[in-house]
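*Asks:* I would like to see how this sequence folds:
(2 chains)
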Amino acid sequence: MTRLATDPVASLPQAPSAQRGALGTLLRRPAAIVAIAYLAILVVVSVAAPLIAPADPLGLDLARVLSGPTQNNLLGTDSLGRDVLSRILYGGRRSLISVVEGVVVVLAIGVPLGLAAGYFRGWGDSVISRISDVLLAVPGIILVLVILAVVPRNEDVAMVAFAVLGAPSVFRVVRGATLRVREELYIAAARVSGLSHPRIVMRHVLPRITGPVVVQASLFAAYALLFETGIAYLGLAADPSTPTWGGMVGEASTVIQQQQWLVIPSGVTIAVTILAFGLLGDSLRDALAVDERIASSAARGGKRAPAPVVVENASEPASSREGALLDVRNMSVSVLSEDGVTPVVEGVSFDVMPGETVGLIGESGCGKSVTAYAILRLLPPELVLASGQVFLDGTDIAAASDRDFDRLRGRTLAYVSQEPQPSLDPTFTVGSQLSEVVRNHEGGTRREAKQRALELLELVELPGAQQVARARAHELSGGMAQRVAIAIALAGRPKLLIADEPTTALDVTIQAEILALLRRLKAETGLAMLLITHNWGVVADTCDRTVVMYAGQVVERADVQDLFDRPLHPYTRGLLESEPALAEPGALLTAMPGSVPAPGSWSSGCRFAARCPFAVAECSDGAVPLAPVGTGRQSRCLRVDEIFGAVTA
Amino acid sequence: MLRLLTQRVLLAIPLLFVVCAGTFLLIELLPGDAAQALAGQTSSDEQIQQLRESLGLDQPLLTRLWEWIDGALHGDLGLSQTYGLPVTEIMNSRLSVTLSLVVGTTLVAAVLGVALGIAGALHVGPVGRFVDGLSLAGLAFPSFFLGLLLVSWLAISIPVFPATGYVPFSTSPTEWFRSLVLPVVTLALPGVAVIAKQTRDSILETMTRPFVRTLRASGVTRRSILYKHVLRNASISVLTVVGLVFVGALGGTVIVESVFALPGLGGLAVEATLKNDVPIMQGVVLYFTVIVIIVNLLVDVAYAALDPRIRAS
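*Replies:* Numbers count the residues shown, from 1 in each chain, chains lettered A, B, ... in the order given. Alright, predicted model coming up:
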């Protein structure tokens, strides 16, 4: 093994330079610049107070008390005729020293302990949480008062005590940040290369957590100043003759009936300074958050692909058939973010006839669930239906008003999710949720709704419906919860059920029962289904037709039997070959290499080309259309004839 | 539910002991000397020694701790050095003032905060900015300054409320109310902002949970999901913050009772600190700790009522 010459770190993966970026982001924020400038001026002015103060802060002038602002005393005089401006300039000294004391102590305790607890893990957390439990049981200021009762007028001791009380929150932030950093690749690399722990912590972890630490320090400075001026106001801190901001407000309060102006100069100074510390911390936190987002999106997709031109699908076969219950035409869904518009589903078309079950299949991340949410008009806020149309029983869902669509949901189309328990409200009983939905659809009395709820629970073959109705989500097994979810979906006697991987979260035996239930409901009620899945067994058991999706597009459409007999797209074939349940005994199971590209990183040619064993150069040249192959089926593959034999018409 | 309560009460006892013993130890370990502080700079060593004996400070620490705890269990927290009265008597006479102030503050902050938080969740733009502005103001305006501004405006310029003082409820409910308005507003401002933020974030987070989609997909309207399901689920984390606001307000009484000259425990703590009255300070720590423990207990009970999973465990 060759030893690296001098610095083993030089060749290690580089730490992301989030901090430098954050500073840039910070300096583009006006609030942060104003705050930094104000604090800098404050420090200069406080240090230079003896040089610039117009008068002696202790100089009495009983002839001119409570004067209000005048030419001689720009901010007026106090009840002993002392110049308010000069006292504020001098008063900042004590406050700033106290803030520095507090920040230094809180960091000296919180940062090393947090680093150690985060880096070595396993200890510290429970000890600190015990300690802060005790500290949280008494308001902090009371503990500081206890101390000041024994050590009178010692502001340094008070600030140290306040910082000790604040240390657990800094500890938590540092520990959390350290835990995240230590998981990163370059830290592991540094450890493997044999660097000592202290060296790794000092050179590689500490620089990365400076951001959160500075945020905490800045926010703590705001609280420290709040506290310092508070005890000075109460007269607990300094010698009464020393000018302090808090003390000045306290003196002003005793003469407020005669002179209301006097609280303003010192009070506003305190408020503005606290605000400056607070704004600085807030801006820095926001700047770090923005930077983190940029860094992580760069890591995910690199440079964003140019916004893909929406392909006009004039050449694509019209998929819609007469009398379709659901007719999705050329539908596109995009993510809206600060970086622009990124498509996640593009030009998807398919339909579902009454009573028919259509399987929507593909790996995770192909846009299947998003397709379902778009049909339900329940897209998360950051996603929008960018183009295309969806007709539900003849109604254009994009054109329907919210009210009208609320009426369609549950009655014309219903939905079952892939997470049985989380899809029920944990705080209400099954019966009350089911009754609520029933009454929403049918009105009627509570008693009637309850009766219907029990019927629905029996319809989904739940034994002991009465008991189940009284249970809450956490008291049900996954299979039971999924049956309840199906009962809720059926409450409005829908024509179409969209089931998003309804069996994925369940045990194998329960999966079979749920599928049997869905088949029975289909047979008995003529329910049409759009079944989203990545499981070929589910497709074979339940579906009439199949739509295969890859990277936001439909890549193949066919009847189930045809598809299993003879897949006509390399992706479909790859999926089928990697399915253990369908493999011939003794044959090698092949796994497709690679993974689904994330939205934003789609190629402008065939999106599957990178993983396709048959790909040639021209596959990446331009968008590949979904073309008719054989009878009544389509495939999005340029080389479909060469790969699968002449199939195009 | 009963089991949960018993469990929490049993946990509170060692906590109370740790806090009291910790306070004792703190006073002992500090470089200052309670007798010296009380006697003042001018007294002779002999006087201080005498004072030390009369306070029992010459006894070993553990003996004194045990005597204090034994006394506390019998409702005796010793004599105040400056008032010459039993600590419990002084504390009890002032308890109702502080409780009126802190409970009132928590109620006002909770009602306004939750209302603002709901509005902020529904209209993210302008209301959201208002809440952000309010929380900056809540941080930046120290309660003593805000209180004096309110006095200057609503008690002196436009005399609507009394500037200072407290009227017991039993004397006159309306005057009691008027005497509490300005102190409560002063103490509540930061709490309103904190609760509004938590409510807004919690509602927005709950809105993304799968059960909301299930209910929406079965035709339940957004409005009724918000008021029935989302608020109930979101209220669990809001409750935590309301508890913290209560504890914060309890600490804030130290300043606000001084600003408005309210004869409560917070003002008492300041006087006792200025006069180095250690028995009173020990009493204040005990009373405040007990109040905090009771509030945390109420929060726990409310959790259990809202979230069946906690009730079950």
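
*Asks:* so how far is chain A from B:Leu26?
*Replies:* Going from B:Leu26 to chain A by Cβ to the nearest Cβ, to the nearest Å gives 6 Å. All C-beta atoms are positioned from the backbone trio N, CA, C, and that covers glycine.

*Asks:* Need phi/psi at the residue positioned nearest the centre of chain B.
*Replies:* Chain B has B:Leu250 as the residue nearest its centroid, 2.2 Å off, counting by Cα atoms, centre = their mean. For B:Leu250, the backbone dihedrals are phi -60, psi -40 (criterion: degrees, to the nearest 10).

*Asks:* what residues are up against it?
*Replies:* A:Pro139, B:Thr98, B:Val102, B:Gly266, B:Phe288, B:Ile291, B:Val292 (Cβ atoms under 8 Å, 6 or more residues apart in numbering or on different chains).

*Asks:* one more time with 10 Å, if that's ok
*Replies:* By Cβ atoms under 10 Å, 6 or more residues apart in numbering or on different chains, the residues touching B:Leu250 are A:138-139, A:141-142, B:98-99, B:101-102, B:105-106, B:187, B:265-266, B:287-288, B:291-292, B:295.

*Asks:* With A:Gln216 instead?
*Replies:* So A:Gln216 contacts A:103, A:106-107, A:110-111, A:114, A:166, A:169-174, A:177, A:281, A:284-285 (Cβ under 10 Å, 6+ apart).

*Asks:* Keep only those of those that are in strands.
*Replies:* Using DSSP state E, no member of the contacts of A:Gln216 sits in strands.

*Asks:* show me which of those residues neighbour chain B.
*Replies:* When contact is defined as Cβ under 10 Å from any Cβ of the partner chain, these meet chain B at A:Gly281.

*Asks:* Contact residues of the stretch 51-200 of chain B facing chain A?
*Replies:* B:124, B:132, B:135-137, B:139-149, B:151-153, B:155-157, B:163-164, B:190.

*Asks:* Give me the subset of these lying in helices.
*Replies:* Those of these mapping onto helices are B:132, B:135-137, B:139-140, B:143-149, B:151, B:190, per DSSP state H.

*Asks:* Can I get the buried part of these as one PyMOL selection?
*Replies:* To isolate the buried members of these in PyMOL, using 16 or more other Cβ atoms under 10 Å in any protein chain shown:
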select buried, chain B and resi 135+136+139+140+143+144+145+146+147+148+149+151+190
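
*Asks:* Looking at the ones in helices among the residues of the stretch 51-200 of chain B next to chain A, point me to the pair that's furthest apart.
*Replies:* B:Asp132 and B:Val151 (27.3 Å; Cβ to Cβ).

*Asks:* quick one: contacts for residue 82?
*Replies:* Went with chain A since none was named. Here A:Arg82 is in contact with A:55-61, A:64-65, A:73, A:243, A:248, A:251 (criterion: Cβ under 10 Å, 6+ apart).

*Asks:* I was thinking of chain B, sorry if that wasn't clear
*Replies:* With contact taken as Cβ under 10 Å, 6+ apart, B:Thr82 is in contact with B:Leu38, B:Ile90, B:Glu271, B:Ala272, B:Leu274, B:Lys275, B:Asn276, B:Asp277, B:Pro279, B:Ile280.

*Asks:* Near the fifth one, how many residues? Count them for me, please.
*Replies:* B:Leu274 is flanked by 17 other residues according to other Cβ atoms under 10 Å in any protein chain shown.

*Asks:* ok, now the last one?
*Replies:* By other Cβ under 10 Å, the residues close to B:Ile280 number 28.

*Asks:* and what of the second one?
*Replies:* Counted with other Cβ under 10 Å, residues neighbouring B:Ile90 total 22.
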